[in-house]
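# below is the sequence, then the predicted model.
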Amino acid sequence: MTATMSGAEKINLGNIPAELTERPSWVLWRECRRNGKPTKVPYSCNGRKAKSNDPSTWDTLPTVLRSFEAGEYSGIGWMFSANGGLVGIDLDGCRNPDSGEISDWAASWIERFSTYTEISPSRTGVKLWCKGSNPKDSGGKKSLAEAPVSDKSPGVEIYDQGRYFAVTGWRLDGTPTTIEARQSVIDEFVAEYWPKPKANGSPCHDRPRRLDLIECCWKYVAKMPDAVSGQGGHNATFQAACVCFEFGLTDGEALEIMRRFNAMKTGDEPWTVKELQHKLNDAREKVTASGSFGSKTTQQSNGVAVDLSRIIQADDGDDDEPEPSQEIEFPAECIDQMPVMMRQTYDYAHANAIKWQPVLALAGTISLFGAVYGQRARDNYSTRTNLYVVNVAPAGAGKEAVRKAAKSLLLASGLDDVLGPERIGSSAGLVSMLADYPVRLVMLDEIGRFLKTIASGGKSPHLREIITVLMSIYSSSDTIWKGDAYADSRRNKIIDQPHCCLFATTTPRTLFDGLTHESLTDGFVSRLLVVQSGDYGTRHTPAGVEPPPSVVEHLRAWGDATKDPNKNLSELHPTARLIEKTPEAHERHEAYSDAVHARHGQESEIAAAIWARAPEKVGKLALIHACADAASPADAKIGIEAENWAIRLVNYATRLILQAATNNIASSGYEEDKLKLWRAIEDGMTMSKLTRKSQWLRAGLRAEILTDLQDAGAIVREDVGTAGRPKQVIRKRRATIA
C-alpha cells in the first residue's frame, strides 16, 4: 500500500469529515523540543495552553483556522472528549516519508478498520478515526518490535478522550472519506496490543476483594503524570511504583501494574522490565522504611486504609543528592509550560537572536517579569517577585539576545526607570540606585568573577559589602530597609520595599571556582536561582521584529504604579495586590515546605543552607507565573500549574548548585590543596609544567598529593623517552577526583 500527497498543502480542509469539522473540538498546536525530541503542545486561540479536560479551551474550526493563518502555530488539532463517540488510532513509524510505502502490519489494520485515515504531520505515520469507544482501562501508547521504515520507531496509540490528534486532511489513498462504526475491530486492536493479564496462578484468583484493590490501585496509577525518559520520567515511574506498595500489592501484582503504566505513560521509549523491577525494588524499600510516617491523606479502598501522603507529591526535593559526575538535566517542561506573556517575550527574544539559548532566555524572561511586578504583587505569605537569577553558560554562547529584548520591552512600555546599571561598583552605589528608584532590573555579566574575587581572602572588602547589602534588601522587599548610619543624616538612606531583580551571567568555571564554604552557608548563594546552558547555542538569523504589543500592554498595566514619583517617601507605603493561591496550590506549597524543612536535621551544613530558601523561591516563581498568565492584574491567581512549575525549576536549580558544591568545596586544608592540584593537571602534562602551575605548594606536599592520587587510581605517572633525559608525564585515568 502506498500513499501520496502534495507537499505544498499544509492542511487539506476538503478531506476532513463533517463529524470533525462540525464540532467545537479544535485547537492549535506548536512544535517544541524536549531533550532534542519534537513534541506537539496544544494551544487555545487566546495563546494559552489548551487542556484536554477543559472544552472551554477548544474552539470551532473557522476560529482556529483564523489563528493558524497568522503563522504563529505549526498546525491544528482535534480533541477527543468523554462520551464523544469517536475513537482515534495512531499507527506510528509505519510509513516511508519518501516513497509513501506503508508497513505490512499497519496496512493490515488500515484494511480491517476501513475508515477515514490520514497521514500524520511528520509523514511517518497514519491516524484513523472511527465510531465506538475505547474498552475500559486499556489503550494509551505501546512500542512495537516491527521493522522501522522511517526515523520514527513503530508504535500504536488509541484514545477516546483526554488527548488530541494533529489534523492534516492528507487522506490516505484508498481509504473511506467518512468515519465508520468499528467497535468490533477496536476491541480486536486492544486485545492484540493490550491483552488482559492471565488469572491462572495468581495469588488473588477467585478473590474479588483482592482484585478490586488491584483495580483501585490501577485507577490511581493511570491518573498519574506521564513518565517519559529525560523529562522527569525516572521520578514519575518511581512514584507510581511507590503507589503499588502503598496499596499493599505483592511484587507480582505491582509488576503487572507497572507494565500497564509502562505501556500508557512512557511514550516512545518505555522502560525495560529490568528497569521496572529495579524501580519497584527501590520503591518497596522506601515505603517499608517510611512505614511510620504520619499520614495526611488516607484513602479507603474496600475497607483497606491506604496511606498516600508519601507519594502524592512528586519531586518535592527529597531525592538523594546527585552524584558529582551525574548530569543535572534542565526540566524542559519549565520552558514548554511558561505562562502566555512570558512565552511571547521568549519568542520575541528568539526571533531577534543571533545565537539561541533557550534556558538563558527563560532565566532573563523570569528576571524581567519579576522586576516589573515589584511592589505590585504579593502572595499570602507576603512573598514578592524579586529574584537573583544566575545563568551559567560558556563564553560567547549568545547571552545578549534576552538582555536586548528586556531593554527594548522596558523602553517600549515606558518603564525605562526600572532598568538598572550593568555594573555595581560599591554597596553605596547599590543603595543610591534603589533610593533613587526602588524597583530595578540589574543585568550583570561575569558575576562569577565577582564571587571569585571575594573568595580570594582579604582582597576587595568593598565587594563583600555589596553581598551584605544584596542579602539584606532581598529579605526586605515587603518592608522598609534602613542603610548604614552616618554622622551626616542626609546620607542615611531609608528605602521603602526595595525590589531589586538580578539577571546575571557567568561561565561555569568562574562561578564554581568562586564558591566557598562561607558563601554557601552565609545565605547569599541560597538566594540565587542558578540555571545552566550547556552549549554554545544554536545559530539563528535575526528577524528584526518589534516588541509584541500584547506584552508591552501587559507590562504597562502592571508597571503603572512604579511611575508615582512620591512612592519612595517613607510615609507612603504602596500596597501590593494580594494574589491568592487556590486551595490546591496552597496545599502543594505547604507540603513542599514541610518536606524541605524535614531535610534540615538530616543534611550537611551546606546542603541545609542551600535548601533553606527553596520554598521562598518557589513562592516567588509561582507568583511571577500567575501574574504573567493573567489577562489583567485583577484576574491573577496562583494555581497548581504555577506551583508545580516553580517547584520543578527550584529543585533543578538547588540540585545544580549542590552538585557544584560537592565538586568544588573541600572539607580541609589538605583536601583543598588536593582539589586545586587535581584541577591544575592536564592529561599528558609533564611534571615540570605541573610544578610551575602549582608553585603555591611545597614540593613535599605536592609529592604526597600526587602519590595519594596515584594510589587512588585517579592518575598514572609515566616516563616518556626524549632526545635528552626521559620526562615524566601525568595522565588522568578518570574525569573526577572521586
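Structure received. Numbers count the residues shown, from 1 in each chain.

# and stretch 92-108, end to end?
14 Å (CA to CA, to the nearest Å).

# go on, stretch 672-692?
18 Å.

# likewise for stretch 606-623?
Terminal residues of stretch 606-623 lie 27 Å apart, using CA to CA.

# distance from that stretch to the middle of the chain?
Averaging C-alpha positions (CA atoms, centre = their mean, to the nearest Å) puts stretch 606-623 16 Å from its chain's average.

# equivalent analysis for stretch 270-277, please.
The chain centroid and the centroid of stretch 270-277 are separated by 24 Å under CA atoms, centre = their mean.

# in that stretch, which residues are buried?
By neighbour count on 16 or more other CB atoms under 10 Å, the buried set for stretch 270-277 is P270, W271, L276, Q277. Every C-beta, even on glycine, is put in place using the N, C-alpha and C of the backbone.

# now do the SS call for the second one.
What that stands for is W271. Under DSSP: H, G, I helix; E, B strand; the rest coil, W271 falls in the coil class.

# report the contact partners of it.
W271 sits next to A227, S229, T237, N262, K279 when contact means CB atoms under 8 Å, 6 or more residues apart in numbering.

# against A631, how distant is the first one?
So that's A227. To A631, A227 is 34 Å away according to CB to CB, to the nearest Å.

# out of those two, which sits in the busier spot?
A227 (24 against 13; other CB atoms under 10 Å).

# coming back round to it: list just the nearest of the contacts of W271 to K693.
K693 lies nearest to S229 out of those, by CB to CB, at 41.4 Å.

# give me the pLDDT for the closest one.
Here, the pLDDT recorded for S229 equals 62.

# cool, R163 as well?
Looking at R163, its pLDDT reads 89.

# cool, and the one 10 residues further on?
Predicted confidence (pLDDT) for D173: 93.

# how about residues contacting the helix or strand harbouring L706?
Using DSSP states H and E, the element containing L706 is helix 699-711. Contact with helix 699-711 is made by 670, 673-674, 677-678, 691, 694, 697, 715-717, 730, 737, as judged by CB under 8 Å, 6+ apart.

# buried stuff in it?
Buried-residue list, helix 699-711, by 16+ other CB under 10 Å: R702, I705, L706, L709.

# mind listing what's buried in the next helix or strand after that helix?
Counting by DSSP H and E, the next helix or strand C-terminal to helix 699-711 is strand 715-720. The neighbour-count check on strand 715-720 (16+ other CB under 10 Å) flags I715 as buried.

# now do the next helix or strand after strand 715-720 and strand 715-720, the angle between them.
Next helix or strand after strand 715-720 toward the C-terminus (DSSP H and E): strand 727-732. On the basis of axes from the mean of the first three to the mean of the last three CA atoms, to 10 degrees, strand 727-732 is oriented at 150 degrees to strand 715-720.

# rewinding a little: of all the buried residues of helix 699-711, which comes closest to E22?
L709 (73.4 Å).

# pLDDT at the closest one, what is it?
Note for L709: predicted pLDDT of 88.

# same thing with E329?
We note a pLDDT of 77 for E329 in this prediction.

# element containing it, please.
Short version, using DSSP H and E: E329 is in no helix or strand.

# what is the burial count for it?
16.

# relative to F503, how far out is Q375?
19 Å.

# repeat for F261
Taken as CB to CB, the span from F261 to F503 is 40 Å.

# which of those two has more neighbours?
For F261 versus F503, neighbours defined as other CB under 10 Å are more numerous around F503 (29 against 26).

# elements contacting the helix or strand harbouring the more buried one?
Secondary structure from DSSP H and E places F503 in strand 499-506. With contacts taken as 3 or more CB pairs under 8 Å, 6 or more residues apart in numbering; DSSP states H and E, strand 499-506 sits against helix 358-372, strand 388-392, helix 400-412, strand 439-445, helix 447-454, helix 461-474.

# picking that back up, which one of the contacts of W271 sits closest to L578?
Among those, A227 lies closest to L578 (CB to CB), at 36.8 Å.

# ok, now which ones touch that closest one?
Applying CB under 8 Å, 6+ apart, one finds that A227 lies in contact with G233, H234, A236, T237, A240, F261, K265, T266, W271.

# kindly recompute the last result at 10 Å.
By CB atoms under 10 Å, 6 or more residues apart in numbering, the contact list for A227 reads 233-240, 261-262, 264-267, 270-271, 279.

# how is the protein carved up into domains?
The chain breaks down into these domains under automatic domain parsing: 13-193, 208-307, 336-578, 669-732.

# mind checking which of those domains is nearest K617?
Evaluated with CB to CB, the domains of the chain place domain 336-578 nearest to K617, the distance being 5.8 Å.

# now do the same end-to-end measure for the closest one.
27 Å.

# I'd like the average pLDDT over it.
Computed over domain 336-578, the average pLDDT equals 83.

# hmm, back to that, ok, the strand holding F503: who's next to it in the sheet?
If you go by DSSP bridges, strand 499-506 pairs up with strand 388-392 (parallel), strand 439-445 (parallel).

# dig out what W78 forms beta bridges with.
Judged by DSSP bridges, the bridge partners of W78 are W26, F165.

# only whichever of the contacts of helix 699-711 are buried, select them in PyMOL.
Applied in PyMOL, the following selects the buried portion of these according to 16+ other CB under 10 Å:
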select buried, resi 673+674+677+678+694+697+715+730+737
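
# which of the contacts of helix 699-711 lies closest to F247?
For the contacts of helix 699-711, the nearest to F247 is I737 (44.2 Å; CB to CB).

# pretty sure M258 contacts L280?
Yes - using CB atoms under 10 Å, M258 is in contact with L280, at 6.4 Å.

# can you list residues touching both of the two?
Common neighbours of M258 and L280, using CB under 10 Å, 6+ apart, are T237, A240, A241, C244.

# save those residues as JSON lines, and put in neighbour count and pLDDT too.
Putting the shared contacts of M258 and L280 into JSON lines (neighbours: other CB atoms under 10 Å; pLDDT from 0 to 100) gives the following:
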{"residue": "T237", "neighbour count": "27", "pLDDT": "85"}
{"residue": "A240", "neighbour count": "28", "pLDDT": "87"}
{"residue": "A241", "neighbour count": "28", "pLDDT": "88"}
{"residue": "C244", "neighbour count": "28", "pLDDT": "87"}
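
# quick revisit: pick the most deeply packed of the strands paired with strand 499-506.
Stretch with highest mean neighbour count among these: strand 388-392 (a mean of 25; mean count of other CB atoms under 10 Å).

# list the residues that contact S550.
Applying CB under 10 Å, 6+ apart, we find S550 in contact with G47, V340, M341, Q344, T345.
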